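Engineer: Attaching a predicted model along with its sequence, questions to come.
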Amino acid sequence: MTCTEQERRRATAWKQSTTTLPASARAAAPWSHRPGTAYDFCLPVEHAALNLLPEVRQPALELFTSLQVQWHAATASGPGNHLLSSQVQCLNALGQLVHDPDRLRMAFGLAGSEVLEVEPGHHLTFEYVGPTDFFGESPYGARTRDARCTSVDAAFLHRRADGVVELVLVEWKYTESYGPRRPEPAKHEERRRRYGAALLAADSPVRSDLLPFELLLDEPLYQLVRQQLLAHELEKAGAHGADVVRIVHVLPPENTAYQRSLVRAETRAVGSTVSEVWHRLLTGPDRFSTLDPAVFLDPANTSQEYVLRYGFSA
């Protein structure tokens, strides 16, 4: 059974057993992003907001509205209705950490650290793009979080026990996997214009000698490259007073389909998994780490309902 199949079963079992949903929300429904077939692992679209667990729902809706964040596969009530949404899982896991530095410190293993505000009133924020458009991604206006610009799912700031201020960028994966991309010459040239100089710079955080730029456009490497370049520029700029900017990649180890998302023989020659290839491409491995999302199945870090939903024995 694949990771996606397992998580669909888990989501369906939770949907039918949880006390947090009304009976009308338990019916099969089409995915709002691709209407048609009804699925047990989707909520009826009128109940899409219930995809967010009760303890995070209203604060998350208000935060996304105030920050003008774009929802993935948005519905009229905000979030998409697919129960396997990685954006929704990230919010369900981290939503309570926005105003709870003690919980954040415990969840991310930051013993001895002082958690700082990354934005006014927020110890953690979502769909973070940074204060500066380093790559000219929005030349005609202000950037919208998670819309046509490099972003990460969450970010927080802390002062480590050694006094170093570290900005942590969190990218959250759930059941994602990737296949071949379509050739798009115009977009290819635009991407080279935006990111090529930073990638080829002497202090680049990503090696450019192992794979040509064209192959770095394949997902998920393309996202990993852009986010690491963003982290590097933020660190050079001292954004939020940070001395160090590090990416934490939340990735379920059982999602082997993600690790097999290497569509070319040239890429597979560098490593047998996405993680192996990526670590060989990094010039500073200490600026990137992977976190098993199982740590959020501790109700002290999230909630009992989170554990029931994502740890449900289906």
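Structural biologist: Thanks, I have it.

Engineer: And V170, how far from E127?
Structural biologist: Between V170 and E127 the distance is 11 Å, computed by C-beta to C-beta, to the nearest Å. C-beta here means a position set from N, CA and C on the backbone, and glycine is covered the same way.

Engineer: Identify the contacts common to the two.
Structural biologist: V152, D153, A154 (C-beta atoms under 8 Å, 6 or more residues apart in numbering).

Engineer: The second one - that's part of a strand, no?
Structural biologist: Yes. For D153, which was evaluated using DSSP: H, G, I helix; E, B strand; the rest coil, the result is membership in a strand.

Engineer: Counting neighbours, what do you get for it?
Structural biologist: D153: 21 surrounding residues under other C-beta atoms under 10 Å.

Engineer: Distance check, it against P79.
Structural biologist: Taking C-beta to C-beta, one finds D153 at 13 Å from P79.

Engineer: list the residues that contact both of these two?
Structural biologist: With C-beta under 8 Å, 6+ apart, D153 and P79 have common neighbours Q87.

Engineer: need the helices for the protein, in chain order.
Structural biologist: 3-17, 57-67, 86-94, 101-107, 185-200, 213-216, 221-237, 256-259, 265-268, 274-281, 304-310 (DSSP state H).

Engineer: For C3, give me its contacts.
Structural biologist: T175, P252, E254, N255, T256, A257.

Engineer: How about the fifth one, nearest residue that isn't a chain neighbour?
Structural biologist: Counting by C-beta to C-beta, 6 or more residues apart in numbering, the nearest residue to T256 once its immediate chain neighbours are dropped is C3, at 6.8 Å.

Engineer: just the first one next, same as before
Structural biologist: On the basis of C-beta to C-beta, 6+ apart, the spatially nearest residue to T175 that is not a chain neighbour turns out to be T4, at 4.5 Å.

Engineer: same check, this time on the fourth one
Structural biologist: Computed as C-beta to C-beta, 6+ apart, the closest residue to N255 that is not its neighbour in sequence is C3, at 4.4 Å.

Engineer: still on that earlier bit, would you enumerate the residues in contact with the residue nearest to T175?
Structural biologist: T4 neighbours (C-beta under 8 Å, 6+ apart): L84, T175, S177, A257.

Engineer: and which of those residues is nearest to Q223?
Structural biologist: Using C-beta to C-beta, S177 is the member of the contacts of T4 that sits closest to Q223, with 12.9 Å.

Engineer: so how far is A107 from that closest one?
Structural biologist: For S177, the distance to A107 - C-beta to C-beta - is 26 Å.

Engineer: Please apply the same query to V129.
Structural biologist: 23 Å.

Engineer: what do you get for N301?
Structural biologist: 4 Å.

Engineer: so what's in contact with the two at the same time?
Structural biologist: Common neighbours of N301 and A107 (C-beta under 8 Å, 6+ apart) are V295.

Engineer: residues touching the closest residue to T12 other than its chain neighbours, list them.
Structural biologist: Excluding its sequence neighbours, the residue lying closest to T12 (C-beta to C-beta, 6+ apart) is D40, at 4.3 Å. By C-beta under 8 Å, 6+ apart, the residues touching D40 are R8, T12, K15, A28.

Engineer: Poorly predicted segments of this protein, please.
Structural biologist: Low-confidence segments of the chain, defined by pLDDT under 70: 312-314.

Engineer: if you set the cut-off to 90 instead, what comes out?
Structural biologist: 1, 33-36, 138-148, 182-184, 312-314 (pLDDT under 90).

Engineer: circling back: let me have the shared contacts of V170 and E127 in JSON lines, adding distance to L116 as columns.
Structural biologist: What follows is the shared contacts of V170 and E127, written out as JSON lines (distance: C-beta to C-beta, whole Å):
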{"residue": "V152", "distance to L116": "17"}
{"residue": "D153", "distance to L116": "19"}
{"residue": "A154", "distance to L116": "15"}
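
Engineer: Using PDB, write down the CA coordinates of stretch 154-174.
Structural biologist: Taking C-alpha atoms only, stretch 154-174 is exported to PDB below (Å, rounded to 0.1, in the frame of the first residue of the first chain):
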ATOM      1  CA  ALA A 154       5.900  28.400   8.100                       C
ATOM      2  CA  ALA A 155       8.700  30.400   9.800                       C
ATOM      3  CA  PHE A 156       9.800  31.200  13.300                       C
ATOM      4  CA  LEU A 157      12.700  32.900  15.000                       C
ATOM      5  CA  HIS A 158      14.700  32.000  18.100                       C
ATOM      6  CA  ARG A 159      17.800  32.800  20.000                       C
ATOM      7  CA  ARG A 160      19.800  29.700  20.700                       C
ATOM      8  CA  ALA A 161      21.500  28.900  23.900                       C
ATOM      9  CA  ASP A 162      24.900  30.000  22.300                       C
ATOM     10  CA  GLY A 163      23.400  33.500  21.500                       C
ATOM     11  CA  VAL A 164      23.000  32.900  17.800                       C
ATOM     12  CA  VAL A 165      19.700  34.200  16.400                       C
ATOM     13  CA  GLU A 166      18.300  31.600  14.000                       C
ATOM     14  CA  LEU A 167      15.400  32.100  11.500                       C
ATOM     15  CA  VAL A 168      13.800  28.700  10.800                       C
ATOM     16  CA  LEU A 169      11.900  28.200   7.500                       C
ATOM     17  CA  VAL A 170       9.600  25.200   7.600                       C
ATOM     18  CA  GLU A 171       8.500  23.400   4.400                       C
ATOM     19  CA  TRP A 172       5.800  20.800   5.000                       C
ATOM     20  CA  LYS A 173       5.200  17.700   2.900                       C
ATOM     21  CA  TYR A 174       2.500  15.100   3.400                       C
END
